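Chemist: got a predicted structure plus its sequence, pasted below:
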Amino acid sequence: MPSHPVSGRRSRLFSAGVFTFLALFLLLVLALLAADVAYINLDAVKEVLRSREIRSAVVLSLGSMDIILTAYEHEKMVRVWVIGLKYSEKRQLVEKFLDLCRSDGKMIFVEFGYVK
């Protein structure tokens, strides 16, 4: 087994192949984004966002979130979002779950090693 990196024609060919693959992939992603922008009717999007039902759904979703700060083993802190839908058919279970997150959330993260 050689102790030095592979060099020469094979290495350049491999590098060119990887570069070509990544360039094509990036080009396809950009093409998909361009197609999405060309397909979207901005007036229809604005109309949907003005809809009372959509605004109510956003408010309900955002209003039902609680932030629980927990320690994390890396340099920066990461927030964990726990979502319970207040309009759920099983509201008692949602409230029980959210209460558990509020009371024992930090302890559970410590127990499983997600702390500094």
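Modeler: That came through fine.
Chemist: C-alpha from now on. contacts and neighbour counts both.
Modeler: Noted.
Chemist: so D66 belongs to a helix, correct?
Modeler: No. Looking at D66 with DSSP: H, G, I helix; E, B strand; the rest coil, it is strand, so not inside a helix.
Chemist: what is the burial count for it?
Modeler: 15 (other Cα atoms under 10 Å).
Chemist: now it: how far from G105?
Modeler: To G105, D66 is 11 Å away according to Cα to Cα, to the nearest Å.
Chemist: again, but for F25
Modeler: When distance is defined by Cα to Cα, F25 is 41 Å away from G105.
Chemist: S88 should be in a helix, yeah?
Modeler: No. Looking at S88 with three-state DSSP, it is coil, so not inside a helix.
Chemist: got a pLDDT number for it?
Modeler: Note on S88: pLDDT of 73.
Chemist: would you mind confirming that it is in contact with V94?
Modeler: Yes. Applying Cα atoms under 8 Å, one finds S88 in contact with V94, separated by 7.4 Å.
Chemist: so which of these two has more stuff around it?
Modeler: Just comparing S88 and V94: by other Cα under 10 Å the higher neighbour count belongs to V94, 17 against 11.
Chemist: let me see the mean pLDDT of the helix or strand S11 falls within.
Modeler: Take DSSP states H and E as the rule and S11 turns out to sit in helix 9-39. Per-residue pLDDT over helix 9-39 has a mean of 90.
Chemist: next secondary structure after that helix?
Modeler: Defined by DSSP H and E, the subsequent element after helix 9-39 is helix 42-50.
Chemist: residues of that next one that come out buried?
Modeler: Neighbour-count burial for helix 42-50, counted by 16 or more other Cα atoms under 10 Å, picks out no residue.
Chemist: who's in contact with L22?
Modeler: By Cα atoms under 8 Å, 6 or more residues apart in numbering, the contact set of L22 is empty.
Chemist: could you redo the last one with a cut-off of 10 Å?
Modeler: Taking Cα atoms under 10 Å, 6 or more residues apart in numbering, we find L22 in contact with 16, 28.
Chemist: so how far is S11 from it?
Modeler: For L22, the distance to S11 - Cα to Cα - is 17 Å.
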